[in-house]
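Enquirer: need a structure here:
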Amino acid sequence: MALGDDINNGDAEVRVPLVHQPKNKADEEDGTTHHHGGNQWMVYLSTFVAVCGSYEFGCGVGYSSPTQSAITEDLSLSTAEFSVFASILTFGAMIGAITSGPIADLVGRKGAMRAASAVCVAGWLAIYFAKGVIPLDIGRLALGYGIGVYSYVIPVFIAEIAPKELRGALTAANQLLIVCGVSVSFVIGTFVTWRALALIGLIPCAVVVFGLFFIPESPRWLAKTGRHRDFEAALQKLRGKDADISDEAAEIQDYIETLERLPKAKILDLFQRRYLRSVIIGVGLMVFQQFGGINGICFYVCNIFESAGFSSSLGTIIYAVLQVVVTALNTVVIDRAGRKPLILVAAAGLVIGCLLTGTSFYLKEHGLAVDTAPILAVVGILVYIGFFSAGMGSVPWVVMSEIFPINIKGVAGSLATLVTWFGAWAVSYTFNYLVEWSSYGTFFLFATVNALAIVFVITVVPETKGRTLEQIQAAMNA
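Expert: This is a model prediction of the structure:
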């Protein structure tokens, strides 16, 4: 990332690497950092606590699909009223995205997660006690705000605490727990009442709030705020009491000291040449992730299976299981295969899934291959969700957490997350209208967006595996 303009006059570019080079040639070649005498148990514990917030995210997203019939019947909602209830989550998440970066910069990554948990608790309780559409929507809006904050701060926190050889897998665990939350909500929602499902959503919030008492704050945030003693203590705790953290601590401190000489970033500063490449990459990946159709399919998967003439309950269970299994495999391979190849393979699979599903609806609409069309739709949806879980779901969040330098991470991360949730809202709100316009045309449209994503990734997105955050951001300036 271009850290670029000269600090004094804003004209010349800084081309000197801002990190120490690895002292051990073998380390440089294999792309790993060895923390002598240390262990990673605190990194794993911290990641576990954080991704419980990701699970909460999934619970919120997955709540509307299995509860649609019951809520509509119990509270006498019209289709339009339930559509507002389902989609207002993403509107709340947009508000959360706008405020997530400044909150995380002001009160820390842990403080932001506490705030998100508190708002989510209020949202679930409002839904549980709702007797009409207004408190139901208020609860859903609050829940959306909380998961909007989660969606930014969790991958950032994990990226900032993890050593580079584990960063991809641990950050990808964010997406794994999101899909676990979605899938569990899909399955449990078929057995419990919608009010009981709202109470179940409180459990991950409790785990996050309790767990935050036992894990350290992000060392990079502590260093940025000038709390040097706390920074070293947190880094030592994460790497193990016997680990030698001197090189890593010096690298982080040098980089942050350089960034601190730059003026504090505002939203318009993101469009300066020094930051523009990273903003294009981070925002662009989120645009393609969302406008490729995932939230339309996720929110209305039951209706899609029914429209195709397939059992919605069976299809949803298969969908949920596949989503979890493939995302789990993704966390294993992301630091081996790399970020860029995974996104490319995933985007190609999304194109195929959309074309299969679109062809199914085309055949059904024109009365062709009546017996084959439902099977084709199911295969298309499963191919779509399988490949989305394999790369397009998690990798954009991993890359977003890596490419922004810490002095603009709050503002830039908020922008990228806002774009994500705007896309989620736009797709989830318009999906039913698009299907009414043309069921097969909708999926062919999504296929086109995913094809454009392939071009974007090939031409713009760099590979980031096996490098420290400071090395990634310095290389963006080369």
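
Enquirer: skipping its backbone neighbours, what lies nearest residue 289 in space?
Expert: Take residue 289 and drop its neighbours on the chain: the residue closest to it by CB to CB, 6 or more residues apart in numbering is residue 396, 4.9 Å away. For the C-beta atoms, the positions are set from N, CA and C on the backbone; glycine is no exception.

Enquirer: can you report how many residues lie near that neighbour?
Expert: Using other CB atoms under 10 Å, residue 396 is surrounded by 29 other residues.

Enquirer: helices and strands of this protein: which one bottoms out on pLDDT?
Expert: Least confident helix or strand of the chain, by mean pLDDT, DSSP states H and E, is helix 25-30 with a mean of 39.

Enquirer: got the buried residues for stretch 74-82?
Expert: Residues of stretch 74-82 classed as buried by neighbour count (16 or more other CB atoms under 10 Å): 75, 77, 81-82.

Enquirer: how much space separates the residue nearest to residue 289 from residue 420?
Expert: Residue 396 is 8 Å from residue 420, where distance means CB to CB, to the nearest Å.

Enquirer: could you do residue 55 as well?
Expert: Using CB to CB, residue 55 is found at 18 Å from residue 420.

Enquirer: how about residue 410?
Expert: 16 Å.

Enquirer: once you drop chain neighbours, what's closest to residue 266?
Expert: For residue 266, ignoring the flanking residues on the chain, the nearest one in space by CB to CB, 6+ apart is residue 411 at 6.8 Å.

Enquirer: ok, that neighbour - contacts?
Expert: Listed by CB atoms under 8 Å, 6 or more residues apart in numbering, the contact set of residue 411 reads 101-102, 265-267, 269-270.

Enquirer: I'd like the distance between the residue nearest the centre of the chain and residue 165.
Expert: Nearest to the mean C-alpha position of the chain, by CA atoms, centre = their mean, lies residue 397 at 4.7 Å. Using CB to CB, one gets 19 Å for the distance from residue 397 to residue 165.

Enquirer: please name the residues that touch residue 227.
Expert: If a contact means CB under 8 Å, 6+ apart, then residue 227 has no contacts.

Enquirer: pLDDT value on it, please?
Expert: Residue-level confidence at residue 227 comes out at 89, pLDDT.

Enquirer: can you dump the C-alpha coordinates of stretch 364-377 into CSV?
Expert: C-alpha atoms of stretch 364-377 as CSV (Å, rounded to 0.1, in the frame of the first residue of the first chain):
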residue,chain,number,x,y,z
LYS,A,364,-39.6,-24.9,-15.7
GLU,A,365,-41.1,-21.7,-17.1
HIS,A,366,-41.2,-23.0,-20.6
GLY,A,367,-42.4,-26.5,-19.6
LEU,A,368,-39.3,-28.3,-20.7
ALA,A,369,-37.6,-31.2,-19.0
VAL,A,370,-40.1,-31.1,-16.1
ASP,A,371,-38.5,-33.9,-14.2
THR,A,372,-35.0,-32.6,-14.6
ALA,A,373,-35.6,-29.0,-13.7
PRO,A,374,-35.9,-29.4,-9.9
ILE,A,375,-32.8,-31.5,-9.7
LEU,A,376,-30.9,-28.9,-11.7
ALA,A,377,-32.0,-26.1,-9.4
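
Enquirer: now do that stretch: everything it contacts.
Expert: Outside stretch 364-377, the residues that touch it by CB under 8 Å, 6+ apart are 304-305, 308-310, 356-357, 359-363, 439-440.

Enquirer: how about a cut-off of 7 Å?
Expert: With contacts defined as CB atoms under 7 Å, 6 or more residues apart in numbering, stretch 364-377 is touched by 308-310, 356-357, 359-361, 363, 439-440.

Enquirer: re earlier: quick check: what element follows the least confident helix or strand of the chain along the chain?
Expert: On the C-terminal side of helix 25-30, the closest following helix or strand by DSSP states H and E is helix 41-62.

Enquirer: just the buried positions in whichever helix or strand comes after that following helix, please.
Expert: Sequence-wise, the next helix or strand downstream of helix 41-62 (DSSP H and E) is helix 64-74. For helix 64-74, the buried set under the neighbour-count rule, 16+ other CB under 10 Å, comprises 64-68, 71-72.

Enquirer: which single one of the residues you listed is nearest to residue 457?
Expert: residue 65 (29.5 Å; CB to CB).

Enquirer: what helix or strand is the closest residue in space to that closest one that isn't next to it in sequence located in?
Expert: Among residues not flanking residue 65 along the chain, residue 302 sits closest, at 5.5 Å (CB to CB, 6+ apart). Using DSSP H and E, residue 302 maps to helix 301-307.

Enquirer: ok, residue 177 next?
Expert: For residue 177, the host element (DSSP H and E) is helix 164-188.

Enquirer: and that helix, what does it pack onto?
Expert: helix 41-62, helix 64-74, helix 133-161, helix 194-200, helix 312-337, helix 395-403 (3 or more CB pairs under 7 Å, 6 or more residues apart in numbering; DSSP states H and E).

Enquirer: for the helix or strand encompassing residue 122, what is the distance to the chain centroid?
Expert: Under the criterion of DSSP H and E, residue 122 resides in helix 79-129. Chain-centre distance of helix 79-129: 15 Å, with CA atoms, centre = their mean, to the nearest Å.
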